[in-house]
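Q: let's see this in three dimensions:
(one chain, ligands or ions: 1)
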Amino acid sequence: MIVKDKVFDVLFNVERPGRYTGNEINMVVKDKDKVDVRFAFCFPDLYEIGMSHLGLKILYHMLNEREDIYCERVFLPWFDMQEIMKKNQIPIFSLETYSTIDEFDIIGFTLQYEMSYTNLLKVLELGNIPLRSSQRDENYPIVIAGGPCSFNPEPLSSFIDLFVLGEGEEVTLELIDLYKDYKQKKYKKEEFLIKASQIEGIYVPSLYDVLYTKEGTIKSITPKYSGIPKIVKKRIIKNLENVYFPQKMITPIIEVVHDRVTLEIFRGCARGCRFCQAGYIYRPVRFKNKESLKATTINLIKTSGSNEVSLSSLSTSDYPDVELLARDILREIEHKKVNLSLPSLRLDSTTLELLREIDKVRKPTLTFAPEAGTQRLRDVINKNITEDNIFSTIQTAFEMGFGNVKLYFMLGLPTETDDDILGIYDIAKRIKDIYTKTAKRFRLSLGISTSFFVPKAHTPFQWEGQITIEEMQRKARFLKEKLKKIKGVDYSYHDYYLSKMEAVFSRGDRRLDVVLENALKLGCQFDNWSDYFDFSKWEEAFKNAGVDYSFYSDRIRDHDEILPWDIIDSGVDKEFLIKEHKKSKEAKTTPSCFDKCSLCGATTFKGGICFAKV
Ligand code: SF4
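A: This next block holds a predicted model:
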């Protein structure tokens, strides 16, 4: 029986069969036997998560524009489906042609969060593909990965043949063209990988030797052969006006996490929050043109049937004339009963007015991310938001009738004391007082949410240690007790253990490969879902591998230690990160790229905001 028949035979026995049927609006149909390169885009999580991801849709449609390439999608099936697949000997399959993943030339994973690493291994296992790159010769597909986590690819380096660093539109096509050439020549895998490593933005981990000191830190990372780059520089698209963006997008037929068409309005972030990896690895800021954004919105609404458009970026308010853009788009879509959403919007009286116009019926929840409870700590992390900003906006919001407020903070930030945590309580108390004085005609819903600081590669805090699990518990309890004194405040915090594992893998090295294999054997998957995350299994995985996880998560590094990701050039100089790290110790701030260039090194890309200002 072919895979498709086997799948359809069992679909009525699983939760949400629509995850496995494909056939959505704008799905690309081609004859798989008439293309030169077959590419499986794997999102290592559930369909509903993967289909909410803009990057998947861009690359999917971009690759499929080429007649010689067929890009298909693969998602990790949920537990119930995996069980049935095992029983009925159904390997993991693509949604377009129900092909098994070993039929593809290239399997491309996107790495959006560290806790998806065992999901990735599970996809390979369900496809009967050997996990380790060294166990796969040219008879297997080339396994590649990209996305933000590839900026520290080392924990996955034994499993992935090559990583694509930075923005994938140009480099993926260059890689596929090279592959096509080698495929015709009946290539040897290592020859292909050596050649691929010459493409800027491609990192081939198997081509490097890593040596360790007796203390366990890295002694050296050296290319195995001459001609292999000593440092791999990320790729960016210099001018976003020339970059491909789909004018129609695959639209799910079942409800997904973000059920809308998403428009990317710019890339990068000018702010420089010292804990935020995205703020550094996507530099420099580059804007898209307003007219083309409007035209794309109209096309996407026409072609997708979606009833929501979202303007996406790391900091929407930084788009020049964002209110004008939003109002123009609103005019185009309002009469079609399509909603507009503006995530990552900095709130003030102008944007509140805009939000009221956008949603005349409901009053959306207002979200603020001060991240820290005191101005001192906000200066340490370079978070450019003051309490006056928050309180005056909230006062206006209450006067306008907004009653749902949510604030995001981080616990365990470098230099944090209990006074900083008390500052979170003070902010919540003050908001409640403002409500009591100005509003009262509606019920206030005030949510405080905290996550735990996770030091990330390529940020000024990459040398910092994460606090222990016991300290996380103490800090969260301390804040909870304080917040209990304010009636009506809803407090939630991120899982301690999950935060600890994120810290391990975000700065881990290639010796974590055995831990990941152990975790897979112990059944760890869908770990990003706290209901399915089992810390005791991870503890066992580390124990069996003889690895102390606190070496990766809690340890403070010296500035001269060789870091596992030092081989990767994000465009921001290490000297700049060290300078920023030192400034954080003195609570000194750095202006945003809009106010003054701080010469971080990103001018090397010769585009974007750096050149608009120089
Ligand atoms: S070089 Fe200057 S303007 Fe460009 S990203 Fe760095 S700090 Fe910002």
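
Q: now the residue of the stretch 101-250 of the chain found nearest the ligand. Its backbone dihedrals?
A: Taking C-beta to the nearest ligand atom, the ligand has its nearest neighbour within the stretch 101-250 of the chain at Ile236, 11.0 Å off. No exception for glycine: its C-beta is placed from N, CA and C like everyone else's. For Ile236, the backbone dihedrals (degrees, to the nearest 10) come out as phi -130, psi 170.

Q: now Ile568: how far from Leu165?
A: 6 Å (C-beta to C-beta, to the nearest Å).

Q: and Ser116, by the same measure?
A: 18 Å.

Q: before we move on, what about Asn544?
A: Relative to Leu165, and taking C-beta to C-beta, Asn544 is found at 32 Å.

Q: these two: who's more crowded?
A: Between Asn544 and Leu165, Leu165 has the larger neighbour count (other C-beta atoms under 10 Å), namely 24 against 15.

Q: and for Ile568 and Leu165, which residues touch both?
A: When contacts are counted by C-beta atoms under 8 Å, 6 or more residues apart in numbering, the set common to Ile568 and Leu165 consists of 151, 203, 232, 234.

Q: any chance of these in CSV, plus secondary structure and neighbour count?
A: Conversion of the shared contacts of Ile568 and Leu165 to CSV gives the following (DSSP: H, G, I helix; E, B strand; the rest coil; neighbours: other C-beta atoms under 10 Å):
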residue, secondary structure, neighbour count
Phe151, helix, 22
Tyr203, strand, 25
Val232, strand, 22
Lys234, coil, 24
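
Q: and the closest residue to Phe39 other than its chain neighbours, how far is that from Asn242?
A: Spatially, and ignoring its direct neighbours in sequence, Phe39 is nearest to Cys71 (4.5 Å; C-beta to C-beta, 6 or more residues apart in numbering). Distance of Cys71 to Asn242, computed by C-beta to C-beta: 21 Å.

Q: next: Ser598.
A: Ser598 is 28 Å from Asn242, by C-beta to C-beta.

Q: cool, and Thr590?
A: Taken as C-beta to C-beta, the span from Thr590 to Asn242 is 31 Å.

Q: out of these two, which sits in the busier spot?
A: Thr590 (20 against 9).

Q: and the pLDDT at that one?
A: With respect to pLDDT, Thr590 scores 97.

Q: residue numbering should commence at 41 henceforth.
A: Noted, 41 is the first residue going forward, which turns the last one into Thr630.

Q: using the three-state scheme, assign the spatially most central residue of the chain.
A: Nearest residue to the geometric centre of the chain (C-alpha atoms, centre = their mean): Gln152, 3.8 Å. For Gln152, the assignment made with DSSP: H, G, I helix; E, B strand; the rest coil gives coil.

Q: skipping its backbone neighbours, what lies nearest it in space?
A: Gln152's closest residue in space is Gly187 (C-beta to C-beta, 6+ apart), at 5.4 Å.

Q: what about that neighbour, neighbour count?
A: That count, for Gly187 with other C-beta under 10 Å as the rule, works out to 20.

Q: give me every residue that touches it.
A: Counted by C-beta under 8 Å, 6+ apart, Gly187 has contacts 95, 149-152.

Q: out of the residues you listed, who has the most neighbours?
A: Phe149 (28 neighbours).

Q: partner residues bridging that residue?
A: Cys82, Ala185 (DSSP bridges).

Q: hang on, it packs against Cys189?
A: No: Phe149 is not in contact with Cys189 according to C-beta atoms under 8 Å; the separation is 9.7 Å.

Q: and what about the most far-flung residue of the chain relative to its centre, helix, strand or coil?
A: Distance from the C-alpha centroid of the chain, by C-alpha atoms, centre = their mean, peaks at Lys477 (40.4 Å). Secondary structure, three-state DSSP: Lys477 is helix.

Q: for it, give its distance to the ligand.
A: 41 Å (C-beta to the nearest ligand atom, to the nearest Å).

Q: next one: Trp118
A: With C-beta to the nearest ligand atom as the criterion, Trp118 and the ligand are 41 Å apart.

Q: count of neighbours near that residue?
A: So Trp118, with other C-beta under 10 Å, has 17 neighbours.

Q: wait, what's in contact with it?
A: Residues near Trp118 by C-beta under 8 Å, 6+ apart: 54-56, 59, 86.

Q: other residues contacting stretch 48-62?
A: Taking C-beta under 8 Å, 6+ apart as the rule, stretch 48-62 contacts 41, 47, 86-88, 113, 115, 117-118, 120-121, 124-125, 128, 130, 135-136, 292-294.

Q: one more time with 6 Å
A: 87, 120-121, 124, 135-136, 293-294 (C-beta atoms under 6 Å, 6 or more residues apart in numbering).

Q: where's Arg531, which helix or strand?
A: Careful, residue 531 is Tyr; it's not Arg. Taking DSSP states H and E as the definition, one finds Tyr531 inside strand 529-533.
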